[in-house]
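A.B. asks: Curious how this folds, go ahead:
(one chain, ligands or ions: 2)
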Amino acid sequence: MVMKGYSEVKLTELRRELHRHPELSGEEVQTAIRISRFLASHSPDRMMHHIGGTGIAAVFEGKMPGKRVMVRCELDALPIEETNTFNYRSTKKGIGHLCGHDGHMAMVAGLAMHYASVRPEKGSVVLLFQPAEETGAGAAAVLKHQDFKSIEPDFIFAIHNLPGYRKGEIVIREGNFTGSVNSIVIRLKGKKAHAAEPMKGNNPARAVAAIIGKLREAEIRDPLDPAFSLLTPVYIQMGSPAYGVSADEAELHYTLRCRSEEHLTRLEEDCIRLITQIAANHSLELSYSWTQKFIATKNNPMAIQWVKSAAMEHKLSIVEADLPFSWGEDFGNFTARFPGALFGLGAGKDSPSLHQSDYDFPDDIIGTGVEMFIAVIDKALEA
Ligand SMILES: [Zn+2]
Ligand SMILES: [Zn+2]
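C.D. replies: Ligands and ions are numbered 1, 2, ... in the order given. Coordinates of the predicted model:
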């Protein structure tokens, strides 16, 4: 039997410790300290801190020069109250590790354990713990950071756990893996009036109703349609609870999702056209701004081939996704610059979905994630 260079017991402990202390995007200070401590105790050749905010990288040099392969995971949790009751549930009100980033960190920490005992034959391996994935800001900030230049990879990989697939199943797709996402903040301004004389003002309520209706009509919800597009309302606010006043202002926040950049551009244009028309019809001032853009993750064909061979070597079942997923991942910023791949690791058929209050990363897939990463990195280092 081959000796494992990592301990699943230790990684499970680390995962649960991270789960207990979740932090929001961009605020992952304690998480970064915990990760730094763990990495430092596995003697990397170099460590870097504060990359793009709270980001950390650990570099393990091989015995001979060669390619640099990076594995990326995410430090952040979500602004969602966890409803699980197990003893390692979140200790922070309204914040939870409900996307499994705690599990992704544990898998990448497993690589630190592995490379601490067995350095790569050649090249180098960089373990990147990225901040603020959920807001789409982290990857871009890391890429822009001065220190990132010294660790720019030849290839980059990441795993996302996927509820709805059998545990340990490997989910791949050549080309686009995740969708293109952009979010819009729409502001309408009319005129205040006495609530007894709304006709003397201009209340945006009907325009708000029209926007909600029209944007819903502009959706193509059939997941098999290549023009699949969602316009999801995430936040709507109008006026204030002052009962003598007819409202004059409204704000609507929507998230737009498509399978490709081309479709997203078209949907953005449609959205602007509709809201401009509606605001004009109701004589309201309109302003809008875009936020939290995620570009599609594009998987390199060679990189996906390595993932596939790695899965076959470990006798894991492989699912080739017909279509890109509709969620966004800011890993797209990395694959736009470097060849690489993001692939899925099944988290259980019956697992609650990502971002649900009762979701929890299954510890028994940590080892599979570590093994997959090691095998994929080996192939990339040989390239
Ligand atoms: Zn998420
Ligand atoms: Zn995630």
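A.B. asks: how far away is residue 287 from residue 245?
C.D. replies: In this structure, residue 287 and residue 245 are 22 Å apart, going by CB to CB, to the nearest Å. Every C-beta, even on glycine, is put in place using the N, C-alpha and C of the backbone.
A.B. asks: More neighbours: these two, which one.
C.D. replies: residue 245 (16 against 11; other CB atoms under 10 Å).
A.B. asks: Any idea what that one is bridged to?
C.D. replies: For residue 245, the beta-bridge assignment (DSSP bridges) gives partners residue 194.
A.B. asks: cool, the one 4 residues further on as well?
C.D. replies: Each beta-bridge partner of residue 249 is listed here: residue 189, as defined by DSSP bridges.
A.B. asks: which residues touch it?
C.D. replies: The contact partners of residue 249, by CB atoms under 8 Å, 6 or more residues apart in numbering, come to 187-190, 204, 238-239.
A.B. asks: Secondary structure of residue 266: a helix, I assume?
C.D. replies: Yes. Inclusion of residue 266 in a helix is indicated when DSSP: H, G, I helix; E, B strand; the rest coil is applied.
A.B. asks: Tell me which residues touch it, please.
C.D. replies: For residue 266, no residue meets the contact criterion (CB under 8 Å, 6+ apart).
A.B. asks: can you tell me the average pLDDT over the strand or helix carrying residue 10?
C.D. replies: Assigned by DSSP states H and E, residue 10 belongs to helix 8-20. Along helix 8-20, the predicted local confidence has a mean pLDDT of 97.
A.B. asks: what's the answer for stretch 247-259, then?
C.D. replies: The average of the pLDDT scores along stretch 247-259 is 96.
A.B. asks: do stretch 285-296 as well
C.D. replies: Within the predicted structure, the mean pLDDT of stretch 285-296 is 94.
A.B. asks: and the next element down the chain from the helix holding residue 10?
C.D. replies: helix 29-40.
A.B. asks: mind listing what's buried in that following helix?
C.D. replies: Within helix 29-40, the residues that count as buried by 16 or more other CB atoms under 10 Å are 31-32, 34-36, 38-39.
A.B. asks: and residue 159, what element?
C.D. replies: Following DSSP H and E, one finds residue 159 within strand 155-162.
A.B. asks: Partner strands of that strand, with direction?
C.D. replies: Partner strands for strand 155-162, per DSSP bridges, with pairing direction: strand 64-74 (parallel), strand 340-346 (parallel).
A.B. asks: what sits up against it?
C.D. replies: Applying CB under 8 Å, 6+ apart, the external contacts of strand 155-162 come out as 67-73, 100, 103-104, 107, 171, 300, 303, 307, 329, 331, 334-335, 338-347, 354, 361-362, 365, 369, 372-373, 376-377, 380, 383.
A.B. asks: Narrow those to just the buried residues.
C.D. replies: Buried members of the contacts of strand 155-162, scored by 16+ other CB under 10 Å, are 67-73, 100, 103-104, 107, 171, 300, 303, 307, 329, 331, 334-335, 338-347, 354, 361-362, 365, 369, 372-373, 376-377, 380.
A.B. asks: Next one, pLDDT for the residue sitting nearest the centre point of the chain please.
C.D. replies: For the chain, the residue nearest the mean C-alpha position is residue 329 (3.9 Å; CA atoms, centre = their mean). Predicted confidence (pLDDT) at residue 329: the value is 94.
A.B. asks: can you pull the contacts of the residue lying closest to it once chain neighbours are set aside?
C.D. replies: With CB to CB, 6 or more residues apart in numbering as the criterion, residue 329 has its nearest non-adjacent residue at 4.3 Å, and that residue is residue 178. Contact partners of residue 178, counting by CB under 8 Å, 6+ apart, are 294, 296-297, 324-325, 327-329, 331-332, 342.
A.B. asks: again with residue 124
C.D. replies: Residue 124 neighbours (CB under 8 Å, 6+ apart): 45, 59-62, 66, 68-69.
A.B. asks: Partner strands of whichever strand or helix holds it and their direction?
C.D. replies: Remark: residue 124 resides in strand 122-130, with elements defined by DSSP H and E. Sheet pairing of strand 122-130 (DSSP bridges) gives strand 55-61 (antiparallel), strand 64-74 (parallel).
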